[in-house]
Every structure is written in C-alpha cells, then in structure tokens.
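K.L.:
Need coordinates for the following:
(2 chains)
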Amino acid sequence: METPLNTEVVTVYKRPASLSRTPTHYCPGCTHGIAHRLIAEVIDEMDIREKTIGVAPVGCAVFAYNYFNFDWVEAAHGRAPAMATGMKRVLTDRFIFTYQGDGDLASIGMSEIMHVAGRGENITVIFINNAIYGMTGGQMAPTTLPGQKTTTSPNGRDVEMQGYPLHMSEVLSRMDGAGYVVRRSLHDPKNIRLARKAIRTAFEAQKRGLGFSMVELLSTCNTNWGMTVQDAMKWIEQYMVPVFPVMDFKVSSGLDGFKA
Amino acid sequence: MAKEFLEGNFAMAEAAVRAGVEAYFGYPITPQTELLEWMSHRMPELKRTFLQAESEVAAINMVYGAACTGARVMSSSSSPGVSLMQEGLSYIAGTEVPMVLIDVVRGGPGLGNIAPSQGDYNQLVHGGGHGDYHPIVLAPASVQEAIDLTVLAFDLAEKYRNICMVMADGSIGQMMEPAELPPMRPLRTTTPDWATDGCLGRDPRILTSILIDPPLEEVFNHKILDTWYRIIGNEIRYKEYYLDDAEYVVIGFGTAGRIALTAVRNARAEGIKVGLFRPISLSPFPFQQIEQLAKTAQGILVTEMNTGQMLEDVKMAVKGRVPIEFYARVGGIVPYPDEILGEIKRLVYEPKSPDGDPRQRWMQRIKDGVITLS
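P.N.:
Numbers count the residues shown, from 1 in each chain, chains lettered A, B, ... in the order given. Next up is the predicted model:
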C-alpha cells in the first residue's frame, strides 16, 4: 500500500508586508537589499507598519522609500536626523527611523547626527557604512580605510593628507543620550542574522523610549570597490572588520532581559 | 482683547501661539532671540513642541519634518541664520509642505551687525534657495501689523501649501508699542490628506522633493507656478495713504514705509500733494497697483533700508513712465523722517531725471555732499 503524499504547503519564507513589490535600483550584489529586508522583517514582527515613518537620505538609498510599504519622507543630504526629530517631536507614538550612508551621516550630516544622539532623540538610525560614496561613483568617504583606493584618493587614502576614517558608533555611543549603539556586518548569513537581531533591538529601544538607537551595518559596494560580489563580502571580513569592530558599544539597562 | 504694551518679537511669538502653532524649532540670533525665548516656556506650558536646534540648518529641517506630518509649524531667525536655512527652504518648497518663517532682518552682508535693516529683500523675495519657487513674503510696519501678518501667514501657508515668511526688521522686533493680540484659536483637529503621519488604514504616502525624471520635474515646476499665479491673483496686499489727489508718490515697505508716512504727512502740511504706497505683500509684489500709480504721478520716490532691492521691482512696474528717485539708509541705520521729507522736496522742486539710474544719482548726491548722512 502506498503512503499518501503530504501535500500541505508550509510557507517558510515570503516577502515581508512592509516591503513593496518595486524592484530596487541597487547594483546586483549590493547589501542595501539585505538591509531593507531586515528592517521590513522587524517592522512586520513588531506589527508597527502603520505607525512607522522612514526618513530617506541622499546617496544610493535616496529612493529607499520606493521599496517599503509605509510612509516615508526624503531628507536633504545629511539632514535626516533633524527631519526625524521634527517628526518624532510632534508624533511621539510613531516609530521614526533614518536610513543613512557614511557620507550622509558622518560627513555632511555630522552635526545633525551628533545632536540627535546628544539629545537622546527617541529615533532609530540605520547607518550603512560601505567606506565609499556609492551614488556619485566611488569617491573617498569619511569611513574610507587607510590605503583604500577611491576616485578621489586614487593612490589610496593617505592618512597624512586625508586623515583617518571616522568611527561613528564608537563616538556616538559615548553620548549620554544614546540607548543602543551597535555595529553589525552583512557579509555572511551568520552576521546577517545578528544584524536582524540588532535592528529588532534598536526598534525595541525606541518603543521603550530609551533614547537614540543606531545600528551601523558594514556593507558592500562591489561596483565602486571594483570587485566581484564574493570578493566584496570577503573584503568586509578581511579589511573592514579589523578597522570597524563588530560589537555592542552601548546597550541601555532598559533593554535588560530583552531577547531579539 | 484690549491693547497691551508689547515688544515686536514677543508679540509675533504669542500671535503664532494663538494662531495655533503646534511646533517651533529655532536657534538664538540677535535681534530675534526674544521670540525663541518666549516660545521656550510658552510652548511647553501649552503642551506643544519647542526645541532649540543645534543650528539654523537643523532648525529648518526639523520644521520640514514636522511640516510633513501636517503639523502647523514655524521657525524664526535673523538674516545670517536665514541664509543657513535656504537649503531647507528649497526642499520644503520642492515638497509643497506649509510653514511659516519670521525673519527679523539685521545689517549685512556677512556678520554685519544687529541693527535694523531691510537687506534681506532679495534673499526672501527673489531667491534664497536653489531651483524655481516663490515664497509668500509679508512686511509689517508696526507691532500690530506684525501680529496680524503672523496669524495670516499660517493661513496662507496652509491654503497654498507654500512657504510664508514675515519679513520684519530689528526695529519691529525690538520696539514696544500698544497692540492687540488675537484670541486663542483652537488647535487643528484634522490631518491634511497629504501628510506622512503613519499609514494607519490607508495607502502609504511619500513626501519628497526629488523628481529624478526631468519631464516629471517639469510638470511639478509648472504646478507650483500655477499655485504662484493663484497667490498673485488673491493675495496682493498693500496700504495707500493720501494717494487720492497725490501728484507724487513715495513707495516704501516695513519700517522705511512707516517713517516715510511721517515725512509724507509733514510734506502735506507744507502743501505738497504727496502720498504713500506701502507694499505689505512683498511677494507677490503689487506690480499692477504701482503701474497704475505711475500713470498719474509726476514722480516717485522709493525709500528703503537697503541699497535699492525693491527699487528694481518698482522700476519694472513703472516701465520708465515717470521719473523715479531713490533714498536709503543702509548697514543698520534707520532714516529720520526729515531725511525723507528732504528727498520728497527734491523730487518736487528740482529738475526731474526721466531716465538714468536713481540709485546712482542717490550715491552721487552722497559723494557730492548734497546729502549729508546724519
């Protein structure tokens, strides 16, 4: 006698409701797509899609708002934290987050990011650090590694002339207003899972009113780095992680017992 | 409400409160700081939002964020601070969210000084930020008018989803005079149908100033130009004094217009048939009204506290029909009525110059010692 086939379909993986169906404009292999998905999964999990407003940056993620299924605004270069402040102050029960690259956050927007952290503004920042300006075609960023070649540091970043990379998580975590500041990486499945937990925790910090929360995500720019996708992932592990250690810098005691 | 003895900066702040402002973001700068200070205790007292930003750059972007939620929101500053806000103002214009900005203008360029000036006319009326847009700009000449125009500014900003500015100057901001505040309005109870306040029970919304596809940007530019023509059609404001039988017309706005009124009254007492035209909406500018005046007047005197920024607009309206003379005190100096009276008499009694540059003639008179600056 034959055993009947089990025809029940179990869905183990699907598009998060918080992601739109719009195909992204990102280069193949770029980790923006992964970061977007992780954020969407967290917003679904917390069931806050209708209470969340994203603030898009200037840079490759300028069109991030097209890829999510909730309200967004688009900020001027570097000003997303100020815009998020204005929104959070009048809509205190909404979840407000910015999505910013390294040029946006650590160069032109340095003043705004320092002060939202200092004020303990109850917003979440997703900081994409790929050590280069992506949208404008591969110029030196404030997080470009010493010796790293870009179109404006063609012989490699010379620290004597062009200074050193900025360690934003380290700096911002020292602010009294910071409730949760961690660095994660998107270069392999294990780190991606840890990044998701960190994003979940950052939004939890906002939910609990613990002040400024930020997840820095080490990300690839295989196009402007001039690498294959696989090599770019390895490059993060080999060169970026030693300069930008993947670790927790500040975890408020208000998160004690919370498990993402 | 009875008249009270009120300082301009305080009066504009409280007028905004009573007009239902829900959020204020600003940064200290003389001579508008009292406005910020008043808001710092008044707004929290009413459980509304006040935040001292880290810069004018941040303040205007906080305004931008709050405006996107549909909140009634404002900032205030003075000239150098408004320069810093121009980036944000352009984005706000490009997103069509309403907001109010009060500029208590001081002497410039650069750090300049903290004395009254009208040197921001071009910055507010003709420019500022990048791209094609037009803010509404209203110029009060008294504390009472500063109150009334602040209230109006919110209504106009929301009616047209447009930036509305009140261009005061250091003297309007700092002086005290009797004025009446409006009654407290109830706060907004509805949210506009474009606001990004969380997509509860509706489709998501996006507020952005980026239109990467040039044809879409062209359509958007046409759209805000259409809005601007509606504003021109409905919102031109000015005040006329003694113009019914006037042979000569003085044109001045704000404090310069107010001082010119005293000069006009004194000239009338001497039998000179002169009147005053005082633009209140500098943007949209009353071109047609001035064109009409130019048809009957024998001469026009433009007086400002800048080097002739509005003069250019008056010339455009007058189209060379009638001689124009110009008189100004600049760099933070306020003219006396007698200085303007002297210029009215020069216009009336001396040979007229039908062409040439009124501003150059004014400068030449200073260099020649014909005008002595007190």
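K.L.:
Up against chain B, what does the stretch 1-150 of chain A have?
P.N.:
Within the stretch 1-150 of chain A, the positions adjacent to chain B are A:49-53, A:55-56, A:62-63, A:65-66, A:68-76, A:79, A:82-87, A:89-91, A:94, A:111-112, A:114-115 by Cβ under 8 Å from any Cβ of the partner chain. C-betas here are computed from N, CA, C, even on glycine.
K.L.:
Can you verify A:Val116 is assigned to a helix?
P.N.:
Yes: under DSSP: H, G, I helix; E, B strand; the rest coil, A:Val116 sits within a helix.
K.L.:
hang on, the earlier thing: buried ones among the residues of the stretch 1-150 of chain A next to chain B?
P.N.:
Neighbour-count burial within the residues of the stretch 1-150 of chain A next to chain B applies to A:49-53, A:55-56, A:62-63, A:65, A:68-76, A:79, A:82-87, A:89-91, A:94, A:111-112, A:114-115; the criterion is 16 or more other Cβ atoms under 10 Å in any protein chain shown.
K.L.:
Out of these, which sit inside helices?
P.N.:
A:82-87, A:89-90, A:111-112, A:114-115 (DSSP state H).
K.L.:
and these as CSV, adding pLDDT?
P.N.:
Below are these laid out as CSV (pLDDT from 0 to 100):
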residue, pLDDT
A:Ala82, 98
A:Met83, 98
A:Ala84, 98
A:Thr85, 98
A:Gly86, 98
A:Met87, 98
A:Arg89, 98
A:Val90, 98
A:Ser111, 98
A:Glu112, 98
A:Met114, 98
A:His115, 98
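K.L.:
Quick one: neighbours of B:Ser281, just the number.
P.N.:
22 (other Cβ atoms under 10 Å in any protein chain shown).
K.L.:
One more: B:Met305?
P.N.:
30.
K.L.:
OK, contacts around the residue lying closest to it once chain neighbours are set aside?
P.N.:
The shortest distance from B:Met305 to any residue other than its chain neighbours is 4.0 Å, reached at B:Gln118 (Cβ to Cβ, 6 or more residues apart in numbering or on different chains). Listed by Cβ atoms under 8 Å, 6 or more residues apart in numbering or on different chains, the contact partners of B:Gln118 are B:105, B:167, B:169, B:253-256, B:304-306, B:309-310.
K.L.:
which two in those residues are spaced the farthest apart?
P.N.:
B:Thr255 and B:Gln309 (14.5 Å; Cβ to Cβ).
K.L.:
Which one of those two is surrounded by more residues?
P.N.:
B:Thr255 (26 against 20).
K.L.:
So that one sits against B:Val334, correct?
P.N.:
Yes: contact status for B:Thr255 versus B:Val334: in contact at 6.5 Å, counting by Cβ atoms under 8 Å.
K.L.:
what touches both of these two?
P.N.:
B:116, B:171, B:305.
K.L.:
Now the closest residue to chain A within the stretch 151-300 of chain B: closest residue in space that isn't a chain neighbour?
P.N.:
Nearest residue of the stretch 151-300 of chain B to chain A, counting by Cβ to the nearest Cβ: B:Thr208, 3.6 Å away. Once flanking residues are discounted, B:Thr208 sits nearest to A:Glu74: 3.6 Å by Cβ to Cβ, 6+ apart.
K.L.:
For the one you found, list each beta-bridge partner.
P.N.:
Judged by DSSP bridges, the bridge partners of A:Glu74 are A:Ala56.
K.L.:
how much space is there between it and B:Ile163?
P.N.:
To B:Ile163, A:Glu74 is 18 Å away according to Cβ to Cβ, to the nearest Å.
K.L.:
What of B:Gly233?
P.N.:
In terms of Cβ to Cβ, B:Gly233 sits 18 Å off from B:Ile163.
K.L.:
of those two, who's got more company?
P.N.:
B:Ile163 (29 against 9).
K.L.:
Would you check how far apart that one and B:Tyr24 are?
P.N.:
Taken as Cβ to Cβ, the span from B:Ile163 to B:Tyr24 is 16 Å.
K.L.:
Same question for B:Glu4.
P.N.:
B:Glu4 is 21 Å from B:Tyr24, by Cβ to Cβ.
K.L.:
Repeat that for A:Ser252.
P.N.:
For A:Ser252 relative to B:Tyr24 (Cβ to Cβ), the value is 29 Å.
K.L.:
Please say which of the two ends up with more neighbours.
P.N.:
It is B:Tyr24, of A:Ser252 and B:Tyr24, that has more neighbours when counted by other Cβ under 10 Å, with 29 against 17.
K.L.:
Is the residue in the stretch 51-200 of chain B that chain A sits nearest to inside a helix or a strand, and which specific one?
P.N.:
Relative to chain A, the nearest point of the stretch 51-200 of chain B is B:Gly65 (2.9 Å; Cβ to the nearest Cβ). Here B:Gly65, judged by DSSP states H and E, is contained in helix B:56-68.
K.L.:
tell me what that helix is packed against?
P.N.:
helix A:80-90, helix A:110-119, strand B:23-26, strand B:73-77, helix B:79-95, strand B:99-105 (3 or more Cβ pairs under 8 Å, 6 or more residues apart in numbering or on different chains; DSSP states H and E).
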